[in-house]
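Colleague: Fold the following.
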Amino acid sequence: MSTIRLTMAQALLRFLDAQYVSRDGRETKFVRGVMGIFGHGNVTGLGEALERSSGSLTFIQGKNEQGMVHAAAAFAKQRNRMEIFACTSSIGPGALNMVTAAATATVNRIPVLLLPGDNFATRQPDPVLQQLEVAGDYTVSANDPFKPVSKYWDRIERPEQLMPALLQAMRVLTDPAETGAVTLALPQDVQAEAYDYPLSFFDKRVHYIDRRPPAPEALRRAAELVQSARRPLIVAGGGVLYAEAAEELKALAGTFGIPVAETQAGKGALPWDHPLNAGAIGVTGSLAANRLAQEADLVIGVGTRYSDFTTASKSAFRHPGVRFLNLNVSAFDGAKLSGTPLLADAREGLRLLREALQESGYASGYAPGEIAARKAEWDAEVNRLYTAEHEAGFAQTRALGVINAAVGPEAVIVCAAGSLPGDLHRLWRAAGPKTYHMEYGFSCMGYEVSGAFGAALADPRRDVYALVGDGSYLMLHSELLTSLQEGRKITVLLFDNHGFQCIHNLQREHGSDGFGNEFRRRSQETSRLTGAYLPIDFAAHARALGAKAYKASTPEELEEALRLAKEESITTLIEIPVVPGTNTGGYESWWNVGVPEVSVSGKVLEAHRGMKSRIEAVTVR
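Modeller: Numbering: from 1, shown residues only. As a prediction, this is how the structure comes out:
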């Protein structure tokens with residue numbers, strides 16, 4: 001057997017550089033490169049290997065460990081999970097900074113490979129700088145917190161352990177049903193140790209992502225379930241987009257007259273103006289979709305994990321006999337809501353279900369013009385909000401209307417947290433797949449700028465816009481600098497509403513007077529944060545980093561700023577001051593949050609009684 005002597009770090013990179021995936025006969029190089037921030041836990045091992053590597057992996061320098069993992073996840077999401085970046089950090093704080101982003105990737109079913117440095121395997125110099133010492137279990141390090149947020153976790157304590165660990169890592173990263181964050185903890189001494197690796201280990205490997213058809217009996221059960229329904233509703237989740245199943249979704253809905261509602265991850269699966277697209281569903285849903293959901297006798301969930309926002313805390317589907325058919329590659333998601341699972345690739349499952357239903361001559365029982373009328377009513381509401389004026393200044397929904405009209409149908413918008421996801425889910429008119437990039441599985445503040453950079457890496461032909469609130473921008477904007485460094489232009493649309501107004505609204509809706517969520521000075525009279533708003537010049541901050549920047553306080557100024565931003569060749573920020581509270585509200589939806597049973601406030605007690613009555617009305621599934 002021919003061998004080659006390499007350090008563990010060198011072998012790791014050589015293996016990653018030879019990995020490919022294939023779906024539908026299209027072969028794609030799986031690992032595009034490595035994003036990293038070097039420290040004493042990885043610079044002399046993996047860092048040296050990257051510096052001297054003769055392979056094709058691209059190295060991108062991150063500025064914040066969480067931010068670079070968000071960028072890697074966004075890249076994989078935009079590429080439909082067919083390509084990834086690995087991410088490396090030092091031990092201790094560098095590694096721990098990646099944990100939040102690892103959870104974000106795992107919750108969203110997005111593949112990302114994490115390579116944090118770890119303590120010395122020999123323990124000879126213990127405790128080293130940044131080492132976490134747990135007196136009762138000395139095997140624990142700062143990398144152990146990755147275990148609950150990773151789909152696969154391993155610690156490479158000998159260089160030869162790398163081989164089985166990488167094979168398992170690739171198994172998970174390329175499995176549509178199991179994918180998420182994969183963590184390989186790399187002790188800093190082992191990274192530099194050499195081993196005689198078999199040359200065959202570095203041969204080109206193609207991981208085939210086969211489209212799994214449904215079992216014949218499962219398909220028969222599914223078809224019978226649909227045939228018995230008069231008012232079915234399709235809920236399109238992210239799995240529709242990852243499986244590139246938009247055309248099959250359109251065909252199934254159109255053939256049988258079934259309306260389609262979209263989750264945050266599934267938005268864009270149908271164009272917004274498709275006659276059967278009822279819009280967003282759930283807590284952040286449209287009136288059309290939520291009313292159809294209330295009356296549906298069958299919910300056909302396609303590639304959805306049924307989060308509480310999608311189901312309105314399990315209150316969205318109110319028909320007394322409602323049943324669920326769950327088409328999903330994951331048995332875990334397929335079993336939710338006591339549903340009938342149809343375990344299959346979304347594209348294959350939709351195609352075969354349509355063919356089975358055509359043989360039976362099935363048609364839904366919606367009245368002629370019913371879906372069109374509800375859609376027209378909602379389109380009129382969106383038009384109203386997109387042109388709404390506010391006496392105190394620029395309304396957030398009006399700003400979104402200007403942006404939606406200006407950016408063009410091929411542009412990609414990226415968002416994650418605050419009040420913007422609700423407005424965008426309800427109002428944004430997505431022209432088609434991969435134009436609406438929302439991280440709402442974890443709704444992780446700080447994803448927006450990093451995610452936009454990742455999306456721009458994934459699809460440089462498109463204009464990419466990060467829509468971000470001031471609170472989320474302040475949490476994590478560091479990869480804006482990386483976009484400048486890499487020459488990947490993004491446009492950051494920063495909505496300045498003086499704080500965490502989404503949660504401020506949630507407080508006040510449940511009996512609070514508002515506390516601790518606005519960016520105000522401390523008042524000498526109350527000793528609380530109730531003074532004047534903090535003056536922050538976000539445009540000046542972006543310019544200081546090297547970006548172009550504009551400020552737009554009116555619709556006309558925003559239209560002009562968007563026009564100028566399109567002409568810029570580098571990353572640009574537009575600061576948009578909006579009136580707090582000018583976001584959309586709920587449309588016959590509800591969200592279950594804990595409200596105190598005991599309080600000195602009568603408003604809180606009243607809110608608790610209202611919440612309790614809603615909880616009691618929900619059927620537990």
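Colleague: going forward, measure contacts between C-alpha atoms and count neighbours the same way
Modeller: Will do.
Colleague: How about the residue nearest the centre of the chain, nearest residue that isn't a chain neighbour?
Modeller: Per C-alpha atoms, centre = their mean, the C-alpha nearest to the average position across the chain is that of residue 439, at 2.4 Å. Once flanking residues are discounted, residue 439 sits nearest to residue 416: 4.7 Å by C-alpha to C-alpha, 6 or more residues apart in numbering.
Colleague: okay, now that neighbour: neighbour count?
Modeller: 28 (other C-alpha atoms under 10 Å).
Colleague: distance of it from residue 424?
Modeller: The spacing between residue 416 and residue 424, counted by C-alpha to C-alpha, to the nearest Å, is 10 Å.
Colleague: How about residue 359?
Modeller: Using C-alpha to C-alpha, we find residue 359 at a distance of 39 Å from residue 424.
Colleague: repeat for residue 5
Modeller: Going from residue 5 to residue 424 by C-alpha to C-alpha gives 53 Å.
Colleague: okay, the two: which has more neighbours?
Modeller: residue 424 (25 against 13).
Colleague: helix/strand/coil for the more buried one?
Modeller: Here residue 424 is recorded as helix under DSSP: H, G, I helix; E, B strand; the rest coil.
Colleague: now swap in residue 455 and tell me
Modeller: Under the three-state scheme (three-state DSSP), residue 455 adopts helix.
Colleague: contacting residues for it?
Modeller: 71, 74-75, 78, 412, 464 (C-alpha atoms under 8 Å, 6 or more residues apart in numbering).
Colleague: Of these - the most surrounded one?
Modeller: Among those, residue 74 has more neighbours than the rest - 34 neighbours, counting by other C-alpha under 10 Å.
Colleague: Tell me how far that one lies from residue 513.
Modeller: According to C-alpha to C-alpha, residue 74 and residue 513 sit 37 Å apart.
Colleague: can you check residue 225 too?
Modeller: Going from residue 225 to residue 513 by C-alpha to C-alpha gives 48 Å.
Colleague: And these two? Which one has more around it.
Modeller: Ranked by neighbour count (other C-alpha under 10 Å), residue 225 and residue 513 place residue 225 first, with 17 against 13.
Colleague: Distance check, the closest residue to residue 578 other than its chain neighbours against residue 576.
Modeller: Closest residue to residue 578 apart from its sequence neighbours, by C-alpha to C-alpha, 6+ apart: residue 394 at 4.9 Å. From residue 394 across to residue 576, the span is 8 Å (C-alpha to C-alpha).
Colleague: Now for the two: what residues contact both?
Modeller: residue 553.
Colleague: And these two? Which one has more around it.
Modeller: residue 576 (26 against 21).
Colleague: domain assignment for the protein?
Modeller: 3-208, 216-374, 388-498+534-577 (automatic domain parsing).
Colleague: For residue 618, find the nearest of those.
Modeller: Of all the domains of the chain, it is domain 216-374 that lies closest to residue 618, at 5.7 Å by C-alpha to C-alpha.
Colleague: ok, which stretches of the stretch 501-621 of the chain are helices?
Modeller: 501-509, 538-545, 555-567, 602-617 (DSSP state H, counting those that start in this stretch).
Colleague: Figure out which of these is closest to residue 184.
Modeller: Nearest of the helices of the stretch 501-621 of the chain (C-alpha to C-alpha): helix 538-545, 33.5 Å.
Colleague: what helix or strand is residue 163 on?
Modeller: helix 162-173 (DSSP states H and E).
Colleague: for residue 240, what are its contacts?
Modeller: Residue 240 sits in contact with 246, 249, 266, 269, 302-303, 346-347, where contact means C-alpha under 8 Å, 6+ apart.
Colleague: how does it look with 7 Å?
Modeller: Residues near residue 240 by C-alpha atoms under 7 Å, 6 or more residues apart in numbering: 246, 266, 269, 302-303, 346.
Colleague: And for residue 75?
Modeller: Contacts of residue 75 (C-alpha under 7 Å, 6+ apart): 84, 454-455, 457-458.
Colleague: Can you pull the phi/psi pair for it?
Modeller: phi -60, psi -50 (degrees, to the nearest 10).
Colleague: Kindly report the same for residue 287.
Modeller: Phi and psi for residue 287, reported as degrees, to the nearest 10, are phi -60, psi -40.
Colleague: What pLDDT is listed against residue 620?
Modeller: pLDDT recorded at residue 620 is 66.
Colleague: could you pull out the strands for the stretch 151-300 of the chain?
Modeller: 152-155, 181-187, 194-198, 205-208, 232-236, 260-262, 277-280, 298-302 (DSSP state E, counting those that start in this stretch).
Colleague: so which of these comes closest to residue 608?
Modeller: Short answer: strand 277-280, nearest of the strands of the stretch 151-300 of the chain by C-alpha to C-alpha, at 27.6 Å.
Colleague: Could the C-alpha coordinates of the closest one be exported in CSV?
Modeller: Taking Å, rounded to 0.1, in the frame of the first residue of the first chain, the C-alpha atoms of strand 277-280 are listed here in CSV:
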residue,chain,number,x,y,z
ASN,A,277,-49.8,31.4,-3.9
ALA,A,278,-51.7,32.5,-0.7
GLY,A,279,-48.6,34.0,0.8
ALA,A,280,-47.0,33.6,4.2
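Colleague: Strand partners (parallel or antiparallel) of it?
Modeller: Looking at strand 277-280 with DSSP bridges, its partner strands are strand 260-262 (parallel).
Colleague: Check the offset of the strand it pairs with from the chain's centre.
Modeller: Distance of strand 260-262 from the chain centroid (C-alpha atoms, centre = their mean, to the nearest Å) equals 18 Å.
Colleague: Then stretch 457-466?
Modeller: That offset, for stretch 457-466, works out to 16 Å (C-alpha atoms, centre = their mean).
Colleague: Show me what whichever helix or strand residue 85 is part of is in contact with.
Modeller: Using DSSP H and E, residue 85 sits in strand 84-89. For strand 84-89, the external contacting residues (C-alpha under 7 Å, 6+ apart) are 30-39, 42, 65, 69, 72, 75-76, 95, 111-117.
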